[in-house]
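sequence first, predicted model second:
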Amino acid sequence: MKLVVLIIVFAVLFIVETVYYRLHALDDLNLKVDFSKNIANFGEDVELIEVAENKKRLPLPFIILKFESPREIKFYDMMNTSSSDHLYREDMLTMKPFSKHTRRIKAKCTKRGYFVFSRVGITTSDLLLTERFVKDFESDSFLVVLPEVIDAGEMKLLNSITQSELQCRRTMLTDPFTLAGIREYAPGDPMKIINWKASARTGELMVNQDASTCAQKVHIFVNLDFYNQRRSTSLLEKSISLAYTYLSDLAEMGIPASIYTNGRDHITGMPAISGIESGAAKFEERAIMLARIDLNKPVVPFEEILEKHTVNTDRNDFILVISPQYSGSFRPLLAEIKSRRPALYWLMPSYKTTPEVTLEPEIASSYKRWEVLGHD
C-alpha cells in the first residue's frame with residue numbers, strides 16, 4: 001500500500017513539474033547575440049557578445065544557446081561550431097534563478113559585406129530532462145565589413161596616372177578672365193600676362209596667374225558584371241577594393257570624386273551610386289555603400305550606368321572605368337564615349353591566366369591590365 005502511495009506521489013509530482021515547466025520554462029528568458037562594433041575593416045578582429053538572462057525564480061537544469069553566423073566571420077575557437085552554408089554555434093550551460101550569462105567569442109572578418117545573425121535561439125528542459133522547450137529570438141544586430149585596402153605600391157601607378165591626367169588638363173585649359181594670383185616673372189612667360197601695377201609696386205616683374213577652367217574632378221565607374229561563365233566573383237571583389245582604396249587616396253588629396261557601380265545594395269536593392277563629393281565624412285558613407293554591395297543580386301546593365309552618368313561629366317574630367325569584364329558591347333561603347341570624353345581610362349583587374357584583350361584603336365592608349373595574384 002505504501003509503495004502504491006509513493007508511486008502516486010511521484011506521478012503527481014512528475015505531472016506537476018512537467019506541466020509547470022511546460023507553461024513557464026521559457027518565461028522571462030532572453031538571449032541577445034551582438035557584434036562588438038557595427039563597422040569593421042577587412043581582416044579586423046571583432047567579438048560576438050552572447051548574453052542570456054533568466055529573470056525568474058525557476059532554475060533551468062541546462063540551456064543550449066544557438067545562433068547562426070555568416071561563414072565570413074571566422075571564429076578563433078571552433079568548439080561547438082559546425083559549418084555548412086552558415087556557421088552554427090551551440091553553447092550549453094546551467095542557469096540559476098535570476099542569473100545572467102555573458103560570453104565573448106573572438107572572430108575575424110574575412111570578407112567584405114553586410115552580415116546579420118539569421119537565427120538566434122534557446123533550447124531548455126524541465127528538471128527531469130523529459131521534455132525540451134525551444135524559443136527563437138529576433139535579432140537586429142548587423143556588421144558592415146569594409147572592402148580590403150589595396151597595397152600602396154599597387155596603387156602608385158593609378159595615382160600617378162590620375163595626377164598626370166589632371167595636371168595635363170589643368171595646363172591645357174586656363175581661364176584668362178579668372179586670376180588665381182600673382183607671381184614673379186619666369187623666363188618664357190609671355191609679355192601680355194605681366195601685371196605692370198604689381199611690378200611697379202614691388203620693383204620686380206610680376207605676372208598674372210590664370211585659374212584653371214576645369215575643376216579637378218574624378219569619376220569612377222565600376223562594372224560588376226560577371227566576367228566568365230563560372231560566374232566568379234573574386235575579380236569583382238578586387239574591383240570594389242580598388243575603387244574603395246582609390247576613393248580614400250582621392251579624399252586625402254582633396255580631389256572631388258563620384259562613383260557609379262551597377263551593383264545593388266544589400267538592403268535597398270538600388271545601384272550603389274554617389275555623385276561628386278569630397279571630404280572624410282562622405283568617404284565613410286561611400287565605404288559603407290561599397291561594403292553593402294551584394295554580388296548575389298542581378299546587376300543593372302553597365303552600359304546603362306555608363307551612358308546615363310557620363311553625360312553629366314565635364315569634357316575634361318578624369319573618368320576611370322574599372323571592369324574585369326570586357327566582352328559584348330562594353331568595349332565599343334567605351335571607344336564611343338572616349339571620343340566625347342578624352343580623359344577616359346580603363347583599368348582591367350585580371351589574373352595571369354586571363355586572356356589578352358583585342359582593343360579598339362580608340363581605347364588602346366587608355367587601357368591598363370592590372371594583374372593580381374591568384375586565380376578563379
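Thanks, I have the structure now.

so what's residue 372 up against?
235, 238, 349-351 (Cβ atoms under 8 Å, 6 or more residues apart in numbering). Quick note: C-beta positions are derived from backbone N, CA and C, even for glycine.

which of these fall within strands?
Among those, the members found in strands (DSSP state E) are 349-350.

neighbour count, distance to residue 34 and pLDDT for the contacts of residue 372 - can I get that in a markdown table?
Output for those, formatted as a markdown table (neighbours: other Cβ atoms under 10 Å; distance: Cβ to Cβ, whole Å; pLDDT from 0 to 100):
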| residue | neighbour count | distance to residue 34 | pLDDT |
| --- | --- | --- | --- |
| 235 | 24 | 34 | 97 |
| 238 | 21 | 31 | 97 |
| 349 | 23 | 35 | 96 |
| 350 | 19 | 40 | 96 |
| 351 | 16 | 39 | 96 |
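
nearest to residue 219, of the contacts of residue 372?
residue 349 (18.3 Å; Cβ to Cβ).

bridging residues for the closest one?
Residues in a beta bridge with residue 349, per DSSP bridges, are residue 370.

quick check: domain ranges of this protein?
According to automatic domain parsing, the chain is divided into the following domains: 27-145, 152-170+214-371, 179-212.

now render those as a markdown table, adding distance to residue 19.
Converted to a markdown table, the domains of the chain look like this (distance: least, Cβ to Cβ, whole Å):
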| stretch | distance to residue 19 |
| --- | --- |
| domain 27-145 | 9 |
| domain 152-170+214-371 | 44 |
| domain 179-212 | 83 |
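
find the nearest non-adjacent residue to residue 236, please.
What sits nearest to residue 236 in space, not counting adjacent residues and going by Cβ to Cβ, 6 or more residues apart in numbering, is residue 224, at 5.1 Å.

and for residue 329?
Residue 329's closest residue in space is residue 303 (Cβ to Cβ, 6+ apart), at 5.9 Å.

now the one you found: which helix or strand?
helix 302-310 (DSSP states H and E).

likewise for residue 53?
strand 45-54.

kindly report the same for residue 19.
Residue-wise, residue 19 maps onto helix 2-24 under DSSP H and E.

name the surrounding residues that touch that helix.
With Cβ under 8 Å, 6+ apart as the test, helix 2-24 has contacts from 56, 58, 125-128, 130-131, 133.

in PyMOL, how would I select the buried members of those?
Of the contacts of helix 2-24, the buried ones go into a single PyMOL selection, burial set by 16 or more other Cβ atoms under 10 Å:
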select buried, resi 56+58+125+126+133
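
next, give me the two most distant ones among the contacts of helix 2-24.
Among the contacts of helix 2-24, 56 and 130 lie farthest apart (Cβ to Cβ), at 20.0 Å.

burial count for residue 77?
For residue 77, the count of nearby residues is 10 (other Cβ atoms under 10 Å).

residue 251 and residue 349: what is the separation?
Distance, residue 251 to residue 349, by Cβ to Cβ, to the nearest Å: 22 Å.

low-confidence ranges in this protein?
83-85, 167-189, 192, 201, 209-215, 278-281 (pLDDT under 70).

and the strands in the stretch 201-350 of the chain?
All strands of the stretch 201-350 of the chain, identified by DSSP state E, counting those that start in this stretch, fall at 206-212, 218-222, 257-265, 271-277, 293-294, 318-322, 344-350.

counting contacts, what elements does the fourth one pack onto?
Identification of packing neighbours for strand 271-277 by 3 or more Cβ pairs under 8 Å, 6 or more residues apart in numbering; DSSP states H and E yields strand 257-265, helix 280-291, helix 302-310.

from residue 93, how far out is residue 300?
49 Å.

looking at the two, which is more packed in?
residue 300 (20 against 13).

now the more buried one, nearest residue through space, not along the chain?
residue 262 is the one closest to residue 300 (Cβ to Cβ, 6+ apart), at 4.3 Å.

ok, how many other residues are close to residue 341?
That count, for residue 341 with other Cβ under 10 Å as the rule, works out to 18.

that one contacts residue 310, doesn't it?
Yes. Residue 341 lies in contact with residue 310 (Cβ atoms under 8 Å); the separation is 6.0 Å.

quick one: residues contacting residue 370.
154, 242, 347-350.

brain fart, residue 82
So residue 82 contacts residue 88 (Cβ under 8 Å, 6+ apart).

in three-state terms, label it for me.
Using DSSP: H, G, I helix; E, B strand; the rest coil, the secondary structure recorded for residue 82 is strand.

related to what we said a few turns ago, what residues are shared contacts of residue 341 and residue 310?
residue 319.

ok, back up a step: for the helix holding residue 19, the distance to its chain's centre please.
Centre-to-centre, helix 2-24 and its host chain are 58 Å apart (Cα atoms, centre = their mean, to the nearest Å).

from the contact counts, what lies against the next helix or strand after that helix?
Next helix or strand after helix 2-24 toward the C-terminus (DSSP H and E): strand 29-35. Packing partners of strand 29-35 (3+ Cβ pairs under 8 Å, 6+ apart): strand 45-54, strand 60-70, strand 119-125, strand 132-137.

residues in contact with the residue lying closest to residue 117 once chain neighbours are set aside?
Leaving aside its sequence neighbours, residue 117 sits nearest to residue 139 (Cβ to Cβ, 6+ apart; 4.5 Å). Contacts for residue 139 (Cβ under 8 Å, 6+ apart) come out as 32-33, 67, 116-117, 119-120.

gap between residue 139 and residue 50?
11 Å.

quickly list what's touching both of those two.
With Cβ under 8 Å, 6+ apart as the test, residue 139 and residue 50 both reach 32-33, 67.

buried ones among those residues?
Counted by 16+ other Cβ under 10 Å, the shared contacts of residue 139 and residue 50 give 32-33, 67 as buried.

which of the helices and strands packed on strand 271-277 is buried the deepest?
For those, the largest average neighbour count (mean count of other Cβ atoms under 10 Å) is found in strand 257-265, namely a mean of 24.
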